[in-house]
Each structure stands twice: as C-alpha cells, then as structure tokens.
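Peer 1: structure of the sequence below:
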Amino acid sequence: MSTQKPILVWFRRDLRVSDHPALHAAAQSGAPVIAVFIKDEQVERLGAAPKWRLGKALGVFEKTLNDLNIQLVLRSGPALEVLQALIKQTDAQAVYWSRLYDPSSVARDTDVKSSLRAQNVEARSFGGHLMFEPWSVETKTGGMYKVYTPFWRSVKDREVEVPLPAPSQIAKSEAVKSDTLQEWALGAAMRRGGAIVERHAQVGERAAQDRLAEFIDNDVADYVQMRDIPSTRGTSGLSENLALGEISPHQCWHAGMRALHEGSADAEVFLKELVWREFAYHLMHHTPHILDSNWKPDWDKFKWNTDASHPDVIAWKQGRTGIEFVDAAMREMYVTGKMHNRGRMIVASYLTKHLLTHWKVGQAWFDECLTDWDPASNAMGWQWAAGSGPDASPYFRVFNPVTQLDKFDRDRGYVRAWIAEGHGNPSETSLSFFDAIPESWSLTPDASYPQPVVDAATGRQRALDAYQARGF
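Peer 2: Residues are numbered from 1 along each chain as shown. Predicted coordinates:
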C-alpha cells in the first residue's frame, strides 16, 4: 500500500482505461488512484435511452477498473460537494478529470476547479474527448470556422497525439463506501424497451476496440459506397462508444490513418467523419446557443409548429407517417437505440420541412431516445437538416424521402427490416419494434400501414411556400 495521498480521477464521458490522459497522469504519479463517478444533476437530466446506456457502460467499466485494482466509487449529489466529501474522507491530494465542452459542464467544472484550488487541492483537467481543443483551431484571421470544409483542411494534416497505453500497475487504495448501480436504476425509464435495445448494444472498451478493428479490417475499404446504404453494415457503428468515451477519437483516427496509408483510399472519408464530430464541438464551444436557439437568427421569424403533441408529430414519433424511409428509421431507433445517418437526415428533414415542426422538437426526442446521444452532434445535425444552422442544408433543399428510398434502399431491405405492417412474413427486427415501444401507443403488427400524413410532393411545396412567405 502506497504511503502517498490518493488521487481522485473523476470519470464522466470517458469510460475507458487506455488513451486516458487523466488516468495516465494519476498512475504515473505513483499515488493510489480512486475512480469516482458522480450522479449529479447533469446525469439526472439525461433522457431515458442515454441514461440506460450509461448504466450499462458503468457496469462494464467497473469490472475493467477492478482488473487494475481500482475501485469505482459511485456517489450522488452536486459534483463539488461530493468531491469535497471524498477528499475529506480519503485525504486525497488531487482531483483529475477529462474536459467536457457543453456550457453546463464548463460552468460546473470551472466552479469545481476554482473551489478545490482555493482549498489547496490540486485540480487538473485533461484532454482526450476531442483530438483538437476547440479553441486551438482558428482561421487565418484568428476567428472560428463556420463551414466544415475549411475546418477539415485546417486540421487534416495536424499531428494527432498517439494514443496512450492502459496503465499496467497502479497503487491500490483503501476501499471507500460507494452507491450501487442497482440503487441508481439508471435504466428505469426505458422500461421494457431496455431489453430490446440491449441486444444491439456493444458496451465497453473491449467491445469498442473489437468494433473498430472489425471495421478497419472488413468495411473501411468500401466505406464510400456502403455508408449510405442503411440495410448493410457500411459504417463503423462507433457512435455509441465515442459518446461515452469507451474509445477515444485518437484511437479511431490512427486506425483510419493506418488503413489510408496501407491503400484504403475510402479511409479518408472515415477520417472526415471524425472531424465532423470535432466541428460540432468547435461550434458548440464558440457559439453555445446552437444547443437551444437558431444558430442563424433570421430563423427566429419563422413560424414553426412547436407542439410536440400535434397529431402529425405523434405520427412521426411512432413511425407511422406513411413514409417508409421515415418510419423505418424511427423504428430502427427504438429497437437498436441508434439510427443510420442517412435515416437521421431523412427523418429530420421530414419533420422540419414537410411537417414544418421546430427542430427543437426533434432534438428533444432524439435526446430521449438515442443511446449514442451527444449534445454537440445532435444539435448540429438537427440545425443542419432544418436549414437554421452553420454549414446547413439550404432551406430550399427538401429531401424527397421517396426518391431517397429508391436511391439508397432499392430492394427495400431496410424497409422490410423495420416495418412489419403489410408484410406476410415480417422480419424479427420489425416485430421487435412492437416490444420496444410504450404499451400506451397500442400499436400492433397486424394493423394496416397508414397513408402518408403529408406526401413528399405536397410537403415540399408547402415548405417552399412557407419559406417564401417569410422572406427566405
């Protein structure tokens, strides 16, 4: 047992032991390490699916830490109060953590850091959630980037730090009283849906590393062609792991670069997708209002529907719009916790343009339903689709969900995978939808498939007329 005072490593959305700068620094010090996760108000505010996924991640992570003789201490309450109590209880000399970038986390962490330092406790934050700190990427005039392509050009040749290994030896600390995951019941709001989604989740650091390796070995060579085909395994699937830091973007980047240098030209597009995530955080850092307000203020004059209980919105939520691409994508989300990226664009465009509903209604629903929920990516994606955001899809670009289906799901494999109604021998995944959704929806697979709430042509023209009427 080390005679040094312990270091608390405060984990949040960084549930891994490899390529973890804060944990690495604590281990290198030779001091005992106590891992802590705090169920504070930010965790409490999570939607049903991301909170459920967090609970599963913490269960796996606890076992990973145990293999390193590190206890994961679970505590509930305001972060500063919990940390102060643990410092007093363990006589800890320092608290280390990985930086987060949303406004709530920045405010919380700034308060924690200043308060602890005022009490002569070392408080250090580290990178790791992003490859490039948002403030470190600047235009030639010193400002922020508002368009993705020049952002990509500015970082594509930057050196990305080589991933750190997992610590091999860490001084053991004395046991500390902890809450239990059972007491927390983080998955309670998912109800029966959790058992369905769990079949499709790949939880934990090892699963994330295996997923990355499989993608690089088998799929990245055809990434450009296959990533837009929702019925195939054409993407990495790493979004749920990146969202909770079960894998680092640095690890993904270097794997992609190796594939590129070994002749897989499509790997560059995978790298661009990693940088798209960085761009979302860059925007959130510089313009935090992107999370809850129109990024382009001109859109404040547009009269969106904001009623989340409107019958058209309910049909959208239930995957019963009568538009097959929209409905298949929504049902995929309820069964797997995720949605193919092409599907995300289609359902967002349909809600904001065909149904003229505020992007915030869709954003809030995704906040509730996605296991790969990410504050920056979700906000930017919705504003991109609505036309109100930076580097957005032009307002007059209204995706036609019917022709999009013909282009990306010609044989209707995606539709058959997720829509049971009207099919004599429905797929297992399409039937799982009815087991995952709230019983109060009273939906059954033997019901008739609905006629379109708003058909593609009518919805497009209605949207264009509304934009013109308001001076767009």
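Peer 1: which stretches of the stretch 301-450 of the chain form strands?
Peer 2: Counting by DSSP state E, counting those that start in this stretch, the stretch 301-450 of the chain has no strands at all.
Peer 1: now do the helices in it.
Peer 2: Taking DSSP state H, counting those that start in this stretch to define them, one finds helices in the stretch 301-450 of the chain at 311-317, 324-336, 341-349, 359-369, 375-386, 401-408, 413-418, 428-436.
Peer 1: distance to residue 169, mean pLDDT and mean neighbour count added to those helices, as TSV?
Peer 2: Bear in mind the C-beta positions are built from the backbone N, C-alpha and C, glycine included. Listed next are the helices of the stretch 301-450 of the chain as TSV, based on distance: least, C-beta to C-beta, whole Å; pLDDT from 0 to 100; neighbours: other C-beta atoms under 10 Å:
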stretch	distance to residue 169	mean pLDDT	mean neighbour count
helix 311-317	51	98	18
helix 324-336	39	98	26
helix 341-349	41	96	24
helix 359-369	40	98	21
helix 375-386	36	96	24
helix 401-408	50	96	17
helix 413-418	47	97	21
helix 428-436	44	98	18
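Peer 1: quick one: closest of those helices to residue 131.
Peer 2: Closest of the helices of the stretch 301-450 of the chain to residue 131 is helix 375-386, at 13.8 Å (criterion: C-beta to C-beta).
Peer 1: next, the angle from the closest one to helix 359-369.
Peer 2: 140 degrees (axes from the mean of the first three to the mean of the last three C-alpha atoms, to 10 degrees).
Peer 1: how many other residues sit next to residue 36?
Peer 2: By the measure other C-beta atoms under 10 Å, the count of residues near residue 36 is 23.
Peer 1: which residue packs closest to it, ignoring adjacent ones?
Peer 2: Leaving aside its chain neighbours, residue 36 sits nearest to residue 73 (4.6 Å; criterion: C-beta to C-beta, 6 or more residues apart in numbering).
Peer 1: for the one you found, what are phi and psi?
Peer 2: Torsion angles at residue 73 (phi, psi; degrees, to the nearest 10) stand at phi -90, psi 120.
Peer 1: now residue 122
Peer 2: When quoted as degrees, to the nearest 10, the phi and psi of residue 122 stand at phi -70, psi 130.
Peer 1: hey, what's it bridged with?
Peer 2: Note on residue 122: beta-bridge partners by DSSP bridges are residue 94.
Peer 1: partner strands of the lengthiest strand in the chain, parallel or antiparallel?
Peer 2: The residue-count maximum for a strand in the chain (DSSP state E) belongs to strand 33-39. In the sheet, strand 33-39 lines up against strand 7-11 (parallel), strand 72-76 (parallel) (DSSP bridges).
Peer 1: and the helix or strand that that strand is followed by, how far out from the chain middle?
Peer 2: The C-terminal neighbour of strand 33-39 among helices and strands, as given by DSSP states H and E, is helix 41-44. Centroid separation for helix 41-44 versus its chain: 16 Å, with C-alpha atoms, centre = their mean, to the nearest Å.
Peer 1: what sits up against helix 41-44?
Peer 2: Here helix 41-44 makes contact (C-beta atoms under 8 Å, 6 or more residues apart in numbering) with 51, 54, 78, 104, 105, 108, 186.
Peer 1: repeat the analysis, applying 6 Å as the threshold.
Peer 2: Outside helix 41-44, the residues that touch it by C-beta atoms under 6 Å, 6 or more residues apart in numbering are residue 104.
Peer 1: what angle do strand 72-76 and the helix or strand just after that helix make with each other?
Peer 2: Downstream of helix 41-44, the first helix or strand assigned by DSSP H and E is helix 48-66. For helix 48-66 against strand 72-76, the angle by the same axes, to 10 degrees is 140 degrees.
Peer 1: list the buried residues of helix 48-66.
Peer 2: Neighbour counts over helix 48-66 (16 or more other C-beta atoms under 10 Å) mark 48-58, 60-62, 64-65 as buried.
Peer 1: and residue 320, how far from residue 91?
Peer 2: Distance of residue 320 to residue 91, computed by C-beta to C-beta, to the nearest Å: 59 Å.
Peer 1: for residue 63, same thing?
Peer 2: Residue 63 is 27 Å from residue 91, by C-beta to C-beta.
Peer 1: cool, residue 152 as well?
Peer 2: In this view, residue 152 and residue 91 are 48 Å apart by C-beta to C-beta.
Peer 1: can you pick out the residue with more neighbours from those two?
Peer 2: residue 152 (16 against 9).
Peer 1: tell me which element that one is part of?
Peer 2: Using DSSP H and E, residue 152 sits within helix 148-155.
Peer 1: relative to residue 208, how far out is residue 202?
Peer 2: Separation of residue 202 from residue 208 (C-beta to C-beta): 7 Å.
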